[in-house]
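>>> Here is a sequence together with a model predicted from it:
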Amino acid sequence: MHIAIAGNIGAGKTTLTEMLARHYKWVPHLEETENNPYLDNFYEDMQRWSFNLQIYFLNIRFRQVMDIRQGTKTVIQDRTIYEDGFIFAPNLHAMGLMSSRDFNTYIKLFELMTEFVQPPDLMVYLRASVPTLVNQIQKRGREYEESIRIDYLKRLNERYEAWSTKYDKGRMLVIDVDNINFRDNMEDFGEVINKIDAELHGLF
């Protein structure tokens, strides 16, 4: 089975992925930020490095999905290939940070890859307001994220909301991060567990 956690930068995807992996004994597939060769460059000069970064993520995410579906264990994935193609790349293009030529090339590759991709059995979307995102980004203190622009997060949030309302590839559970603290409050984490259990039981 394939469970995926979706959400904006700072929504708590990695934290929840790790916590759920421990609770359910699932195999976590985390988004590697430490070994990403483009991330620092991207936040310093988004226009120059946007295409390179998105192609890198597309490659990583496609390989992850292929590995997940070929395996026999239940996997929980931190961010999905759909977020790259429907949210991040279109947002960069709309902001003038990715040229139309690069964007069209990217989208053609994305569409080809997703023909071979089976969607997650359950998508968990972490919805968070921009102030919550900013607060959580500041708390984790990643140096390369210090230059993230507020308007960039806001635009991403708008695209996440639009995407989540139209998502039709399977089950989606929406968790409002503004009103729940699963990281520090075990009761809140238990509430998340109960919601996921309810969704998973509907899959069998």
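Nice, thanks for sending it over.

>>> hey, let's count contacts and neighbours off CA atoms from now on
Noted.

>>> in the protein, which helix has the most residues?
In the chain, taking DSSP state H as the definition, the longest helix is helix 46-70.

>>> Which residue is the nearest non-sequential neighbour of the residue nearest to the spatial centre of the chain?
Residue closest to the mean C-alpha point of the chain, counted by Cα atoms, centre = their mean, is R79 at 2.8 Å. Excluding the flanking residues, the one nearest R79 by Cα to Cα, 6 or more residues apart in numbering is A6, at 4.9 Å.

>>> picking up where we left off before, which residues does the longest helix of the chain contact?
2, 29, 38-39, 41-42, 75, 80-81, 84, 88-89, 92, 96-98, 102-103, 106, 110, 113, 117-118 (Cα atoms under 8 Å, 6 or more residues apart in numbering).

>>> Pull the contacting residues for the residue nearest to the centre of the chain.
Per Cα under 8 Å, 6+ apart, neighbours of R79: A4, I5, A6, G7, K13, E31.

>>> out of those residues, which are buried?
Buried members of the contacts of R79, counted by 16 or more other Cα atoms under 10 Å: A4, I5, A6, G7, K13, E31.

>>> Just to be sure, which of those are found in strands?
The strands, defined by DSSP state E, take in A4, I5, A6, G7 from these.

>>> out of these, who's nearest D151?
G7 (16.5 Å; Cα to Cα).

>>> Quick check: closest non-adjacent residue to the closest one.
Closest to G7 by Cα to Cα, 6+ apart is L126, at 4.9 Å.

>>> Just confirm that neighbour is within a helix.
No: secondary structure of L126 (DSSP: H, G, I helix; E, B strand; the rest coil): strand, not part of a helix.

>>> where exactly do the helices run in this protein?
13-24, 39-44, 46-70, 81-83, 89-94, 100-114, 130-140, 150-166, 186-201.

>>> nearest to L122, of these?
Across the helices of the chain, L122 has its closest neighbour in helix 186-201 (7.6 Å, Cα to Cα).

>>> who's in contact with the closest one?
L122, R171, L173, I175, I180, N181, F182, R183.

>>> Give me the neighbour count for the fourth one.
Using other Cα atoms under 10 Å as the criterion, I175 is surrounded by 16 other residues.

>>> Next: the third one.
When neighbours are defined as other Cα under 10 Å, L173 has 18 of them.

>>> ditto for the second one
Using other Cα under 10 Å, R171 has 17 neighbouring residues.

>>> per-residue confidence at the residue nearest to V134 when sequence neighbours are not counted?
Spatial nearest neighbour of V134, excluding adjacent residues (Cα to Cα, 6+ apart): G10 at 7.1 Å. Listed pLDDT for G10 reads 91.

>>> Could you find the closest non-adjacent residue to L97?
Nearest one to L97, counting by Cα to Cα, 6+ apart, is Q47 at 4.3 Å.
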